[in-house]
Each structure stands twice: as C-alpha cells, then as structure tokens.
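J.: What would the 3D arrangement of this be:
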Amino acid sequence: MKHPVRAAAIAAIAALLAAGSVEAKTLVYCSEGSPENFNPMINTTGTTFDANKPIYNQLVQFRPGTTEVEAGLAESWDISEDDTVFTFHLRKNVQWHSNKIFKPTRPFNADDVIFSFDRQWHDSNPYHKISGGGYEYFGDMDLPNLLDRIEKLDDYTVRFTLKKPNAPFLADMAMDFAAIQSKEYADALLAAGKPEMIDQEPVGTGPFELVAYQKDTTIRYRRFDGFWGAKAKLDALVFAITKDPAVRLAKLRANECQVMAYPSPADLPAIKADPKLQLLSQPGLNVGYLALNNTRPPFGDVRVRRAINMAIDKKAIIDAVYQGAGQPAKNLIPPTMWSYNNAVEDFPYDPAEAKNLLAAAGLAGGFETELWAMPVQRPYNPDARRMAELMQSDLAKVGIRAKIVSYEWGEYRKRVAAGEAPMALLGWTGDNGDPDNFFVPLAGCAAARPGGGNAAKWCNHEFDDLVNKAATLPSQAERARLYEQAQVVMHREAPFYLVAHSVVFMPMSKAVIGYRMSPLGDHRFDQVDLQ
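T.: Numbering: from 1, shown residues only. Predicted coordinates:
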C-alpha cells in the first residue's frame, strides 16, 4: 500500500518534471471576472480582452505602455496618398498554437486575415453567427459601411480598401477586435461539426497558449516557444478569477497571486504602506457615466436629461466612490486626450432648477423609472452599487423615484445594448488613444442600433456628421476643431450624466519586474518577469 502523502508528493514532482522544469516560473494574476469566451471580436469588456491578449495577435499592435502603433503580424504597411488603401505585408513563418483537437500544417498567411475580417463582415461566412455573432466593435465603428473590399494579393500581402479616408483606421487595426484567427482551424472544426470550439478552445499566434479554463475559477496558459516575437520570460501564466477586491488583496498579501486588478480605493493607503507590495498608477484614459436611454420616455426630452444632470451631486459621488482617485467629467473624453474641449461648462448641482425643468416637461410630480447598476468593479466605476444608491437618493429629492436593478455582467451588457435599461451605469476605457474611439462607439448613430454600444441610444445627426467628418481628415488640428464642436453639441443635448475620469492603480508584489501599465487599461504579461 502506498503512503498517501509520499504518493502525492511524487505525483506533484512528476507533474512539474513533465512541465519541463521543477522551478517553472509562474505568475498568478488575480483577475476580477470570467471572460465571455475566447474571441475578442465578439466582446467589448476588458475582462474578455485581457483573457484573450496572451493568445492572439493583430496585424499591428500598440507598443507596450503607449498608444503608438508598431508592427505585429504585419511587418510593414503602405498607405495610399488619399488614405483609403492600406496594404499590409505579412510576416513569414509565424507559427500557430496547437491543441488536443488541432495540429496546424502551415504557418500564418493572408487566408487567416481574410477569414478573420470576413467572419465579422459578411452574413454568408459560415462563422458569422457562431457564438452568437454580434461583432459590436466592427458594427459600432461602422466598418461594414467604411470597408469597400479586402483582397489577398498573395500569401503574404493583404490590401484593405476604404470607401473614404479614415484617420483612425491603422490604430483601429491594433485593437482587440482585429485579432487574427486560423482559417485552417476554422475549416477543420467546421468539417467536424464543431465550429463553436474556435471560440472555446482558441488557437492563436500569441506569446502564450491556453492550457485550461474553469469558469469563475482559473485560466491557465503556458509560454508558446514557437512565438514569432520576443519569448515570454514566464513559463506559465495563471488568471485566478477573484470577484471580491478584498479577497484579491488578501491573496496578493499571501503571495497567492503576484498582481491584482482593480483595488478598492479605500485599500490604497494600506497597499502603499505594505513593504512587500508596489503600487503603480497613472491617469486613466477612461470615463464613467450614466446613460440616459433616449428611446425610453421620458428621456427623449432634453429637459428631463438636463434635469437629471442638475439633480445629482457629482462631488459627493466622487468623494464617496472614488475617494480622491477621480476627477469630475464634463466631456465624454478625458482631459488627457487631444481635442478635449475645456471651454465646456459642466452642469451645476441645482436641484431647484432640476425641478423647474421637470415641471416644464410636464413632470412636476416626478416619475418612476429604473436605474441599472453594473455588477462588476472597474477603474472608471469602483463601486457601481454605491454610486447608484447615491444617485437614487439625489433623484428622489426632485421627484424621480428610481428602482436599482442589476444582472450578471454578460446579461447586463446584453440587455443594455438591446435598449432595455432606462438609465444604466457604464463606462469606457479607450482602445487606441484616438477621440474617435470614444465618440463613435459610445455616441454615434451606427452604435445606437439595438445591440450597439451606444447605451443612450442617442442619434444626433449634427454630432454624428461632425465626428464622421473628423475621421476623414488627415490634419489632427482640423480633426480637433470638429471634435471640440461635437462636445458642445453633446453637452447641449445631455445624453449622458458624465461622472468621472479615474486614476488607475495596479498593486503587485515587489518580486514583479517589467510590468508596464497601459493607457488603454489592458493587462499584458508577455514581457513581465519575477525576481
């Protein structure tokens, strides 16, 4: 009979040896939630993007810690003089991951690029509706109308032709939705009758490959030694899914994880004082807001929307929820972003005038509604439930009786996108450093469709014409002038109650070296090391 403790120890050592090293270097990241799946084309949440980032690459990418575009799967590119034709020259000998159901027979090539965009663009693609489809980014940025054609010139050259110039296009190609999937894998799964597996057991070209995923518990990755770029310094990466920020911090202090997401503002002084921890921080390229659904009465009346903007005490919310780590928002874009219009004056906190506006709208007695609160913590909203309670109290003082509603995060986003929420707390962290990335997906007419990311379902053609024209101009100064005008229109129409732009904090063990905070709010570990 085997001794149980000795047998367990032998098994553990054998497992480590099988992994290739008794001292495998593993970093554990205490993440805050489960990804919706392993396809960043379909989703817009940072949680899902973070889980996919180790796996996939795009044609171009952002230099770590910046919004500067650099080569990715495309080693170079050419842009026509009229900014409508983008020709990408692809890397050769880029290897794909493999898994228990697929072994690639060829490296990455142009067929994979064509497949990855055709899947999002055309109903005729057999993968278009797999995993529910949706492709929110692709639709919200109006790419179906912007793109004229995508052509394979040869195995390592792909040409994108646009119907009109689009200044943000190259940066857009570095965003997560533009991840490249394997057409060979897709074809094999389709032949096997299991196409949905492409988004559950992903195959990519990234620095890590997926080993295992257990919903609400862990995601396990291992270094991909066939990676085309600089090899990861870690042997393994683990996402320990931990929804409670207090539990995440306890795990960090116990060295059960070495990096944690989204600390509670109340814990920041103690984190700073802990000699075993380091705390990185930077201004967030973000905004937290309350979307006012213009298609749901009475929010179609601008007087009601302005009344809400005057009824809520913004300073009290920022003091209570952000605890010094947020600044009041008066524009959709943060003040660190070019084209920010500082001349816009925020609505004052004025409950008396809010009542007058409601009376002018025929609602002197107020009204009943719902106020939806996110179930997750984000830098742009550290505590949505608390924020909703403060808003509920302020609104009650002017006669607006709001019931707080929430759902599981995936369901919440789906219902808000469908237009079910009268008022919904949400927010945004920029994807590429361009104002277009805030204005178009959050407030553009293309994104106001059912299922789109414009949660206010606000479509104002004056605003839309300004931001769409700005995207066609090569001069940043000319673009900035139009974006400044667009911010004036948005303030006048008040489709959102804009809350705050926050500082983003990243606590981690002092053993972690090489971590660079991203202005885009993502978490990358491909060049991180442990002392």
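
J.: Longest strand in the protein, by number of residues?
T.: When the chain is parsed with DSSP state E, its longest strand is strand 496-509.

J.: chain center to that strand: distance?
T.: From the chain centre to the centre of strand 496-509 is a distance of 14 Å (C-alpha atoms, centre = their mean, to the nearest Å).

J.: Give the next helix or strand downstream of that strand.
T.: strand 512-513 (DSSP states H and E).

J.: what lines up beside that following strand in the sheet?
T.: strand 529-530 (antiparallel) (DSSP bridges).

J.: nearest residue to residue 505 other than its sequence neighbours?
T.: Computed as C-beta to C-beta, 6 or more residues apart in numbering, the closest residue to residue 505 that is not its neighbour in sequence is residue 281, at 4.8 Å. In this view, the C-beta of every residue, glycine as well, is placed from N, C-alpha and C.

J.: Equivalent analysis for residue 91, please.
T.: residue 75 (4.9 Å).

J.: Next: residue 433.
T.: residue 67 (3.0 Å).

J.: quick one on the thing from earlier: how about the helix or strand hosting the residue nearest to residue 505, which residues are buried there?
T.: According to DSSP H and E, residue 281 maps onto strand 277-283. Buried residues in strand 277-283, counting neighbours by 16 or more other C-beta atoms under 10 Å, are found at 277-278.

J.: what does stretch 256-267 give?
T.: Buried residues in stretch 256-267, counting neighbours by 16+ other C-beta under 10 Å, are found at 257-265, 267.

J.: what's the span of that stretch from first residue to last?
T.: Stretch 256-267 has an end-to-end distance of 18 Å (criterion: C-alpha to C-alpha, to the nearest Å).

J.: Same check on stretch 451-461?
T.: With C-alpha to C-alpha, one end of stretch 451-461 sits 20 Å from the other.

J.: still on that earlier bit, now for the residue nearest to residue 433: which residues touch it?
T.: Contacts for residue 67 (C-beta atoms under 8 Å, 6 or more residues apart in numbering) come out as 171, 432-434, 519-520.

J.: now with 7 Å?
T.: Residue 67 is in contact with 432-433, 519-520, counting by C-beta atoms under 7 Å, 6 or more residues apart in numbering.

J.: which pair in these spans the largest distance?
T.: 432 and 519 (9.9 Å; C-beta to C-beta).

J.: neighbour-wise, which of those two wins?
T.: Using other C-beta atoms under 10 Å, the more surrounded residue of residue 432 and residue 519 is residue 519, with 22 against 19.

J.: Just confirm the more buried one is within a helix.
T.: No - counting by DSSP: H, G, I helix; E, B strand; the rest coil, residue 519 is not found in a helix; it is coil.

J.: Wait, it touches residue 283, no?
T.: No - here residue 519 lies out of contact with residue 283, judged by C-beta atoms under 7 Å, at a distance of 8.2 Å.

J.: So the residue nearest to residue 91 versus residue 323, what's the distance?
T.: 46 Å (C-beta to C-beta, to the nearest Å).

J.: Likewise for residue 187?
T.: Here residue 187 is placed at a distance of 52 Å from residue 323 (C-beta to C-beta).

J.: now swap in residue 32 and tell me
T.: From residue 32 over to residue 323 (counting by C-beta to C-beta), the distance is 18 Å.

J.: More neighbours: which of those two?
T.: Neighbour totals were compared for residue 32 and residue 323, and residue 32 leads with 21 against 16 (other C-beta under 10 Å).

J.: List the contacts of stretch 207-221.
T.: The contact list for stretch 207-221 (C-beta under 7 Å, 6+ apart) reads 34, 38, 51, 54-55, 97, 202, 222-224, 227, 229, 232, 236-241, 526.

J.: go on, stretch 97-106?
T.: 96, 182, 184-185, 188, 197, 201, 203-204, 209, 224.

J.: End to end on that stretch, go ahead and measure it.
T.: 11 Å.

J.: and stretch 464-476, what's its mean pLDDT?
T.: Mean per-residue pLDDT for stretch 464-476: 96.

J.: The stretch 201-350 of the chain: strands as residue ranges?
T.: For the stretch 201-350 of the chain, the strands defined by DSSP state E, counting those that start in this stretch occupy 208-214, 218-223, 236-241, 259-260, 277-283, 286-292, 326-328.

J.: Neighbouring strands of the first one in the sheet, and parallel or not?
T.: Under the criterion DSSP bridges, strand 208-214 sits next to strand 218-223 (antiparallel) in its sheet.

J.: which ones are touching residue 166?
T.: Residue 166 neighbours (C-beta under 7 Å, 6+ apart): 83, 146, 471-472.

J.: Let's see that with 6 Å instead.
T.: Residue 166 makes contact with 146, 471 under the criterion C-beta atoms under 6 Å, 6 or more residues apart in numbering.

J.: Residue 182 now?
T.: 96, 112, 203.

J.: How about the contacts made by residue 152?
T.: Residue 152 neighbours (C-beta under 6 Å, 6+ apart): 110, 114, 158.

J.: Need the per-residue pLDDT for it.
T.: pLDDT, residue 152: 98.

J.: How about the one 5 residues further on?
T.: Reported pLDDT at residue 157 in the predicted model: 98.

J.: in the sheet, who's paired with residue 426?
T.: With DSSP bridges as the rule, residue 426 is bridged to residue 289.

J.: Confirm that residue 161 sits in a strand.
T.: Yes - counting by three-state DSSP, residue 161 is part of a strand.

J.: what about it, neighbour count?
T.: Counted with other C-beta under 10 Å, residue 161 comes out at 14.

J.: swap in the one 10 residues further on?
T.: Burial of residue 171 is recorded as 19 neighbouring residues (other C-beta under 10 Å).

J.: most neighbours, which of the contacts of residue 152?
T.: Counting neighbours by other C-beta under 10 Å, residue 158 leads the contacts of residue 152 with 26 neighbours.

J.: does residue 139 count as helix, strand or coil?
T.: Under three-state DSSP, residue 139 comes out as helix.

J.: Could you count how many residues lie near it?
T.: The burial count assigned to residue 139 is 21, neighbours taken as other C-beta under 10 Å.

J.: Could you report the pLDDT at it?
T.: The score at residue 139 is 93. That number is its pLDDT.

J.: how about the residue nearest to residue 301 when sequence neighbours are not counted, what does it touch?
T.: Distance criterion C-beta to C-beta, 6+ apart; nearest residue to residue 301, sequence neighbours excluded, is residue 361 at 4.9 Å. Counting by C-beta under 6 Å, 6+ apart, residue 361 makes contact with 301, 303-304.

J.: Perfect, I'm done here.
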